[in-house]
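>>> Fold the stuff below for me.
(one chain, ligands or ions: 1)
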Amino acid sequence: MSDATQVATPAAGAPKAEATGASTVAPGAQAAPAAVKIVARDVNVFYGEKHALKHVDLDINENEVTALIGPSGCGKSTFLRCLNRMNDVIDICRVTGSITLDGSDVYDPSLDVVQLRARVGMVFQKPNPFPKSIYDNVAYGPRIHGIARSKSELDAIVHHSLERAGLIKEVHDRLDQPGTGLSGGQQQRLCIARAIAVNPEVILMDEPCSALDPIATAKIEELIDELRENFTIVIVTHSMQQAARVSQRTAFFHLGDLVEVGDTEQIFTNPRDSRTQGYITGRFG
Ligand SMILES: Nc1ncnc2c1ncn2[C@@H]1O[C@H](COP(=O)(O)OP(=O)(O)OP(=O)(O)O)[C@@H](O)[C@H]1O
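Model prediction:
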């Protein structure tokens, strides 16, 4: 994976079929289109009187990384939080429209939001490990969801999750040490391991690298590229280079509107809307 300070590499931004080895498709044959995991239709979000997100229609493809980009305050995080109903905890927030996950209504009043958030996990901007041991941070979700039937099963989940988050080598001999004692980049990978431990289908990442140095950022980006094999990922980022490196699709938001969505390569090389063009060329933002 490229260094975080470099610009887009074709490898990370390459279309899914190529990156997953599906290039065995016969010459001339069409690769199967990606399955759609999440469908958002006419989504509006209001904070009191403020109309923060306006009539957003967006499909999120399975086993792809979708990047949400746009200037500060355009509604990226607001949209991300709609996907696992994190906006529910904001009193003045009202969401209208429809969001489905595998065809089921995310806003169905009878839906258990704890179960939803197990399916749609989240990693935040600032690494936020619990004030617990490394082991207990990762074991927390499986314990509350009753995923492991025995201590050895829980041990295996913790180990496997840390392995998938690329952290096991660094922490295997100190699982009983506090998670808060790790470096920032390690803490963020611990948070990713914690999210993975409950075996989610979707992982939402809200600027997961903004508090990290370039080397830690490169590790997380590499990890994101690996994780998409098993998970659907939606990432909010202020870094266009990062969006270009890690995502297959990019959605550009501006003043609460979803202006344009498309293959990452198209968005960055041939945007259709002048506002997208203006943003990616640094004219505003
Ligand atoms: N809890 C809240 N209460 C009131 N207004 C909010 C709240 N959260 C966000 N907003 C407003 O909604 C709009 C969209 O905010 P949001 O955080 O989604 O944007 P963003 O694109 O993620 O911004 P940034 O890149 O700066 O994180 C902004 O005008 C913001 O001030």
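>>> make it CA atoms for all contacts and neighbour counts henceforth
OK.
>>> How about the strand or helix carrying Thr250 and the ligand, touching?
Here Thr250 is covered by strand 249-254, with elements defined by DSSP states H and E. No: Strand 249-254 does not reach the ligand (Cα under 6 Å from any ligand atom); its nearest approach is 7.5 Å.
>>> ok, Ile192 - contacts?
Residues in contact with Ile192, defined by Cα atoms under 8 Å, 6 or more residues apart in numbering, are 123, 165.
>>> tell me the SS of it?
Here Ile192 is recorded as helix under DSSP: H, G, I helix; E, B strand; the rest coil.
>>> measure it to Met205 for me?
Distance, Ile192 to Met205, using Cα to Cα, to the nearest Å: 9 Å.
>>> Equivalent analysis for Leu223, please.
12 Å.
>>> Pull the number of nearby residues for the nearest residue to Leu101 once chain neighbours are set aside.
Ranked by Cα to Cα, 6 or more residues apart in numbering and with sequence neighbours excluded, the top spatial neighbour of Leu101 is Ile38, at 4.7 Å. Using other Cα atoms under 10 Å, Ile38 is surrounded by 22 other residues.
>>> in this structure, which spans are helices?
10-13, 16-19, 76-83, 113-119, 134-144, 151-164, 168-171, 184-196, 214-227, 240-246, 264-269, 274-280 (DSSP state H).
>>> Report the mean confidence score over the fourth one.
In this model, helix 113-119 carries a mean pLDDT of 94.
>>> Buried residues in that helix, which are they?
Using 16 or more other Cα atoms under 10 Å as the burial criterion, the residues of helix 113-119 that qualify are 113, 116-119.
>>> will you turn those residues into TSV that also has distance to Ala34?
Listed next are the buried residues of helix 113-119 as TSV, based on distance: Cα to Cα, whole Å:
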residue	distance to Ala34
Val113	27
Leu116	22
Arg117	23
Ala118	23
Arg119	19
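>>> can you put the residues you listed in TSV and add distance to the ligand?
TSV is the format used below for the buried residues of helix 113-119 (distance: Cα to the nearest ligand atom, whole Å):
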residue	distance to the ligand
Val113	19
Leu116	21
Arg117	19
Ala118	22
Arg119	22
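>>> ok, Leu58 touching Ala40?
Yes: applying Cα atoms under 8 Å, one finds Leu58 in contact with Ala40, separated by 5.0 Å.
>>> Go through the helices of the chain and pick out the most buried.
Ranked by mean neighbour count under mean count of other Cα atoms under 10 Å, these are led by helix 184-196, which reaches a mean of 26.
>>> quick one: it to chain centroid distance?
13 Å (Cα atoms, centre = their mean, to the nearest Å).
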